[in-house]
Structure formats: C-alpha cells, structure tokens
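Visitor: I'll drop the sequence and a predicted model, then ask my questions.
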Amino acid sequence: MVDEKMRLGSIFGLIIVIWLIVGAVAAGQRGYYRAVPAQCSQVATIALNIVAGPLNYMGLNPLTGCELPKPS
C-alpha cells in the first residue's frame, strides 16, 4: 500500500517536471530568454508560458500584464 502511494507520487512528480521543462523550452523557442526582462509583464509572461507547458504547442500563447504601484 505504501509502495503504491510512493510510486504514484513519484510518477506524478516526474510528469510535473517534464511539463515544466517542455514549457521552458517553448518559452525559449519564442525568444523570451534573449534579453533580461525590463518589465513586470515580461516576467509574468515568461512564467505563464513555462507553467502552460505543452499547451503552448497546441496554440496557446498566454500573455499577461501587471501594474506595479507607483511610489508617491
């Protein structure tokens, strides 16, 4: 019983790692690593593409924006 749960957890963990690697490769193919991100939205877009993983290859192109509070 314990071995089955441990094996299932290991398989699930491996799938997540592979998913994130595929997402990182997809973000690299889109050129997101060419320059240091200058804006918050660029960092968020890179992170979102990595999390989206293989969905990037099915036509998903996640873009995001964010607003940082301006100092007073």
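Guide: Yep, it's here.
Visitor: mind giving me the packing neighbours of the helix or strand hosting residue 44?
Guide: Using DSSP states H and E, the secondary-structure element containing residue 44 is helix 40-52. Here helix 40-52 touches helix 2-29, going by 3 or more CB pairs under 8 Å, 6 or more residues apart in numbering; DSSP states H and E. All C-beta atoms are positioned from the backbone trio N, CA, C, and that covers glycine.
Visitor: chain center to the helix holding residue 44, what's the gap?
Guide: When C-alpha coordinates are averaged (CA atoms, centre = their mean, to the nearest Å), helix 40-52 and its chain have centres 6 Å apart.
Visitor: relative orientation of that helix and helix 2-29 in degrees?
Guide: Taking axes from the mean of the first three to the mean of the last three CA atoms, to 10 degrees, helix 40-52 and helix 2-29 form an angle of 140 degrees between their directions.
Visitor: grab the most central residue of the chain for me.
Guide: residue 50 (1.6 Å; CA atoms, centre = their mean).
Visitor: OK, contacts around that residue?
Guide: Shown here is residue 50, whose contacts under the criterion CB atoms under 8 Å, 6 or more residues apart in numbering are 20, 23, 24, 26, 27.
Visitor: any of the residues you listed buried? List them.
Guide: Neighbour counting by 16 or more other CB atoms under 10 Å classes 23, 24, 26, 27 among those as buried.
Visitor: so which of the residues you listed is the closest to residue 13?
Guide: Here the nearest of the buried ones among the contacts of residue 50 to residue 13, counting by CB to CB, is residue 23; it sits at 15.8 Å.
Visitor: look at residue 41 and say how many residues are nearby.
Guide: Burial measure for residue 41: 15 neighbouring residues, criterion other CB atoms under 10 Å.
Visitor: wait, what's in contact with it?
Guide: In this structure, residue 41 makes contact with 64, 65, 66, judged by CB under 8 Å, 6+ apart.
Visitor: this completes my enquiry, with thanks.
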